[in-house]
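1. Structure for the following, please:
(one chain, ligands or ions: 2)
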Amino acid sequence: MEILDDLKAILRQLPASDETLMSWHFPIKENNLLAWLHAQTEFPQLYFSDKDDQAETAILGCAWQTNSAEIPPELKDVTLYGGQGFDLRSQWPEFGHCRFILPRLKLTRQGKHVVLTCYLCTLSQDLATEISDCLTLLEKLQQKTPLHWQPPGIASRTDSPSFEQWQQQVNTVCSPAFQQHTAKVVLSRSTELVCHHQVDPFLLLARWQTLNANCFQFLFRWHDGPAFIGCTPERLYLRSGARLTTEALAGTMARGQSSQEDETISQDLLHDPKIHRENQLVLDDILHHLKSVSLDVGIDKIGVLKLNHILHLKQRIHAYLKPEVEDQHLLNALHPTPAVGGTPRQAALDFIAEQEPYSRGWYAGAIGMLSRKQSHFAVAIRSALVAGNTVQLFAGAGIVKGSQPAEEWQELNNKIATVYSLLEPTWR
Ligand SMILES: C=C(O[C@H]1C=CC=C(C(=O)O)[C@@H]1O)C(=O)O
Ligand SMILES: [Mg+2]
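-> Residues are numbered from 1 along each chain as shown. Ligands and ions are numbered 1, 2, ... in the order given. Coordinates of the predicted model:
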């Protein structure tokens with residue numbers, strides 16, 4: 001690419017400077033950001049695609065990193081990318097609890113326009129080292145190859161918790177004694193699938209995103225190890241200046257065989273008291289937490305979100321934030337919502353930490369991007385950790401008074417159905 005030669009020439013001739021941050025932007029012709037990232041051999045590798053394919057970002061390498069959702073004053077105009085896990089008690093060591101990076105190289109697509117951006121940042125190391133690291137990365141860039149998915153087939157499946165353990169957990173949460181203090185806990189399951197062949201997380205995500213185009217699609221590969229991928233329907237929040245949009249997304253039914261059947265099921269979803277409660281508890285908790293950070297809050301009419309295999313209840317919430325509120329405050333206030341944690345929050349998180357037999361890590365974490373002007377976070381559900389032949393799928397279900405263990409177990413299966421069907425094509 002001629003542009004890369006231009007960029008290398010700029011870097012080699014760069015005069016000494018006191019600037020903390022330098023960046024160069026080049027419009028480029030690249031029609032497949034995921035395939036471009038897939039070809040690369042350096043790390044970290046991050047990918048985000050907005051709902052409905054409006055915008056995409058592929059990130060390679062890191063110019064600076066931090067373990068909080070705060071932008072230092074020296075970097076005031078940048079966008080940082082990353083996220084934080086579900087909570088402090090349940091971590092994946094390779095991911096850390098919270099990690100945001102300023103990319104070294106970033107490809108962004110808005111509609112048909114793709115821009116390559118390169119950053120140098122002297123907050124952690126001097127300019128000469130930054131230039132040398134950047135040139136090394138540019139030398140190692142690879143040409144992309146087409147993405148071809150072959151279903152690897154599933155050799156074995158291990159659910160954690162087992163159905164028997166799940167039954168016990170659900171029954172405990174639904175018991176009158178527990179309900180007296182904790183109205184909702186979102187219990188979850190890890191399903192470990194060992195496949196017949198190696199699973200390429202990029203190829204899997206590329207297929208998965210075609211089936212759930214109205215979701216946020218993401219990939220995190222911090223180093224040459226497991227990749228965390230997903231197609232999540234849930235927005236944590238979108239902030240544009242002081243305007244915030246968030247949502248209560250909770251309550252699920254499997255889709256029907258026809259649009260007519262979907263319509264009937266949507267009506268059932270809207271009128272089922274247990275499902276309504278599942279959603280209402282999320283709404284109430286978000287409204288409660290927004291109070292301390294907002295000047296004004298409003299809600300839209302409740303509706304139904306249609307995904308590939310399932311339907312959800314969804315209620316959008318708008319807020320106008322107090323002037324001093326920053327993203328770290330918002331994350332602390334909102335995350336984890338009772339769509340993935342429970343309510344009251346601390347009691348639900350304590351129960352999850354005690355009872356769940358695996359580490360949630362970044363499953364149900366807050367992932368996305370932040371800048372002074374705008375920030376956008378999704379909740380990392382409908383997600384998978386991919387390493388070698390193994391795919392670990394995550395799914396949770398909101399347990400409230402009246403939840404039935406077998407129905408909720410089936411709901412977990414419905415939530416992993418889309419990605420499962422890609423791994424095992426004969427699965428029904
Ligand atoms: C926790 C998950 O889903 C949440 C989001 C939407 C609907 C949910 C439900 O109906 O239980 C869950 O609260 C998950 O998919 O892992
Ligand atoms: Mg549910």
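
2. and the gap between the residue nearest the centre of the chain and Leu331?
-> Nearest to the geometric centre of the chain sits Ala380, at 3.1 Å (CA atoms, centre = their mean). Separation of Ala380 from Leu331 (CB to CB, to the nearest Å): 13 Å. In this view, the C-beta of every residue, glycine as well, is placed from N, C-alpha and C.

3. So for those two, which residues contact both of them?
-> Residues touching both Ala380 and Leu331 (CB atoms under 8 Å, 6 or more residues apart in numbering) are Ala366.

4. mind listing what the residue nearest to the centre of the chain touches?
-> Listed by CB under 8 Å, 6+ apart, the contact set of Ala380 reads Gly83, Phe218, Phe228, Gly230, Thr232, Trp362, Tyr363, Ala364, Gly365, Ala366, Ile367.

5. Try it again at 10 Å.
-> 83-86, 216, 218, 220, 228-230, 232, 234, 236, 340, 360-368, 394 (CB atoms under 10 Å, 6 or more residues apart in numbering).

6. Need phi/psi at the residue of the stretch 151-300 of the chain found nearest ligand 1.
-> Nearest residue of the stretch 151-300 of the chain to ligand 1 (CB to the nearest ligand atom) works out as Thr252 at 3.5 Å. Thr252 adopts backbone torsions of phi -140, psi 140, taken as degrees, to the nearest 10.

7. What distance do you get for it to Trp409?
-> Remark: distance between Thr252 and Trp409 (CB to CB) = 13 Å.

8. Residue numbers of the stretch 151-300 of the chain in contact with ligand 2?
-> Within the stretch 151-300 of the chain, the positions near ligand 2 by CB under 5 Å from the ion are Thr252.

9. hmm, 6 Å instead?
-> Counting by CB under 6 Å from the ion, the residues of the stretch 151-300 of the chain close to ligand 2 are Gly251, Thr252, Glu278.

10. where does Thr246 land in three-state SS?
-> In three-state terms, and counting by DSSP: H, G, I helix; E, B strand; the rest coil, Thr246 is strand.

11. nearest residue to it other than its sequence neighbours?
-> Tyr237 (4.3 Å; CB to CB, 6 or more residues apart in numbering).

12. so where do the strands sit in the stretch 251-400 of the chain?
-> With strands called from DSSP state E, counting those that start in this stretch, the stretch 251-400 of the chain shows them at 294-299, 303-306, 310-321, 342-343, 366-370, 374-379, 383-387, 390-399.

13. Looking at those, spot the one closest to Leu34.
-> Of all those, the one in closest proximity to Leu34, counting by CB to CB, is strand 383-387 (14.1 Å).

14. still on that earlier bit, tabulate the strands of the stretch 251-400 of the chain in JSON lines, adding columns for distance to Thr41 and mean neighbour count.
-> Shown next, in JSON lines, are the strands of the stretch 251-400 of the chain (distance: least, CB to CB, whole Å; neighbours: other CB atoms under 10 Å):
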{"stretch": "strand 294-299", "distance to Thr41": "45", "mean neighbour count": "14"}
{"stretch": "strand 303-306", "distance to Thr41": "38", "mean neighbour count": "16"}
{"stretch": "strand 310-321", "distance to Thr41": "37", "mean neighbour count": "20"}
{"stretch": "strand 342-343", "distance to Thr41": "42", "mean neighbour count": "25"}
{"stretch": "strand 366-370", "distance to Thr41": "24", "mean neighbour count": "24"}
{"stretch": "strand 374-379", "distance to Thr41": "27", "mean neighbour count": "24"}
{"stretch": "strand 383-387", "distance to Thr41": "17", "mean neighbour count": "23"}
{"stretch": "strand 390-399", "distance to Thr41": "22", "mean neighbour count": "24"}
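
15. Could you dump the ones you listed into CSV with mean pLDDT added?
-> Output for these, formatted as CSV (pLDDT from 0 to 100):
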stretch, mean pLDDT
strand 294-299, 98
strand 303-306, 97
strand 310-321, 98
strand 342-343, 98
strand 366-370, 97
strand 374-379, 97
strand 383-387, 98
strand 390-399, 98
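
16. Turn those into JSON lines, columns for distance to ligand 1.
-> Shown next, in JSON lines, are these (distance: least, CB to the nearest ligand atom, whole Å):
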{"stretch": "strand 294-299", "distance to ligand 1": "17"}
{"stretch": "strand 303-306", "distance to ligand 1": "9"}
{"stretch": "strand 310-321", "distance to ligand 1": "5"}
{"stretch": "strand 342-343", "distance to ligand 1": "9"}
{"stretch": "strand 366-370", "distance to ligand 1": "13"}
{"stretch": "strand 374-379", "distance to ligand 1": "8"}
{"stretch": "strand 383-387", "distance to ligand 1": "8"}
{"stretch": "strand 390-399", "distance to ligand 1": "3"}
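
17. can you list the domains in this structure?
-> Here the domain assignment for the chain is 2-139, 154-423, based on automatic domain parsing.

18. now do the same end-to-end measure for the first one.
-> Terminal residues of domain 2-139 are spaced 13 Å apart (CA to CA, to the nearest Å).

19. Could you pull up the residues touching Ile229?
-> Listed by CB under 10 Å, 6+ apart, the contact set of Ile229 reads 47, 201-202, 204-206, 208-209, 217-221, 380, 382-386, 391, 419.
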